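>>> From the sequence below, what's the structure:
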Amino acid sequence: MDSTYTIIIADDHPLFRNALFQSVHMAISGANLLEADSLDALLSLLKKEDEPDLLLLDLKMPGANGMSGLIQLRAEYPDLPIVVISASEDASVVTQVKSHGAFGFIPKSSDMRELISALNQVLDGDPFFPEGLITNNAACTDLAEKIATLTPQQYKVLGMLSDGLLNKQIAYELNVSEATIKAHMTAIFRKLDVKNRTQAVILLQQMEPES
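Numbering: from 1, shown residues only. Next up is the predicted model:
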């Protein structure tokens, strides 16, 4: 496939990033490849780059708490095709990635042939999700849909709750008032249909990738 595609590889592991770099070059000759090793670096790159064709995103990067990076990117760049590349092959993770608007999911265990085939399919405009890794588990799907209703800021607050931070600490980190954090938490509890922070954190942990 010949093209001048601009593709961003966002992964904090240099060895895997390099392997992915080589695989993408084999799949797409002449591609303009850019790299980022954290969510902050990726967001800076996206501000400078004019409409990249594809983002290959690792869920576990500095600055990204589980799905929060994907949620934030989806909110800020709704038209950017995002394919998640992850070591986790848990069906609930793949289902949640899809529900948050990713265009595809490629397991890190994929061999070169599978990777090239998946990349070509995505760049042809067809989503790629491995067969057998999308669950129809109603409870899992329902939970993913609830979490998908959170705004990026609400998801960030929920992630900080999960890390054990107090309201005043979260307010300080996000540079907002404690009253704003309380308002976020009220909205989070309502959207997730829970009564307190413990229940909210348990829900979030059920949806986190393990590796």
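
>>> Which parts of the protein are strands?
Taking DSSP state E as the test, the strands found in the chain are 6-10, 32-36, 54-58, 82-86, 104-107.

>>> nearest to residue 197, of the ones you listed?
Closest to residue 197 of the strands of the chain is strand 82-86 (CB to CB; 27.3 Å). Where C-beta positions appear, they are placed from N, C-alpha and C, glycine not excepted.

>>> Neighbours of residue 126, how many?
10 (other CB atoms under 10 Å).

>>> quick one: it from residue 81, how far?
Distance from residue 126 to residue 81, counting by CB to CB, to the nearest Å: 11 Å.

>>> Likewise for residue 34?
In this view, residue 34 and residue 81 are 15 Å apart by CB to CB.

>>> And for residue 11?
Distance of residue 11 to residue 81, given as CB to CB: 17 Å.

>>> And these two? Which one has more around it.
With neighbours defined as other CB under 10 Å, residue 11 and residue 81 compare such that residue 11 has more, 26 against 19.

>>> Spit out the contact partners of the more buried one.
With contact set as CB atoms under 8 Å, 6 or more residues apart in numbering, residue 11 has these partners: 17, 20, 35, 37, 56-58, 61, 85.

>>> swap the cut-off to 7 Å and go again
17, 20, 58, 61, 85 (CB atoms under 7 Å, 6 or more residues apart in numbering).

>>> bridging residues for the nearest residue to residue 97 once chain neighbours are set aside?
Closest residue to residue 97 apart from its sequence neighbours, by CB to CB, 6 or more residues apart in numbering: residue 84 at 4.8 Å. Beta bridges link residue 84 to residue 57, residue 105, judged by DSSP bridges.

>>> wait, residue 84 sits on residue 100?
No: in this structure, residue 84 is not within contact of residue 100 by CB atoms under 7 Å, at 9.0 Å.

>>> Tell me, how many residues neighbour residue 47?
The number of residues packed near residue 47 is 8, by other CB under 10 Å.

>>> Equivalent analysis for residue 194, please.
Counted with other CB under 10 Å, residue 194 comes out at 16.

>>> quick one, what contacts the residue nearest the centre of the chain?
With distances taken as CA atoms, centre = their mean, the chain has residue 70 as the residue nearest its mean C-alpha position (2.7 Å). Residue 70 is in contact with 57, 59, 82, 84, 97, 100, 102, counting by CB under 7 Å, 6+ apart.

>>> hmm, 6 Å instead?
Under the criterion of CB atoms under 6 Å, 6 or more residues apart in numbering, the neighbours of residue 70 are residue 100.
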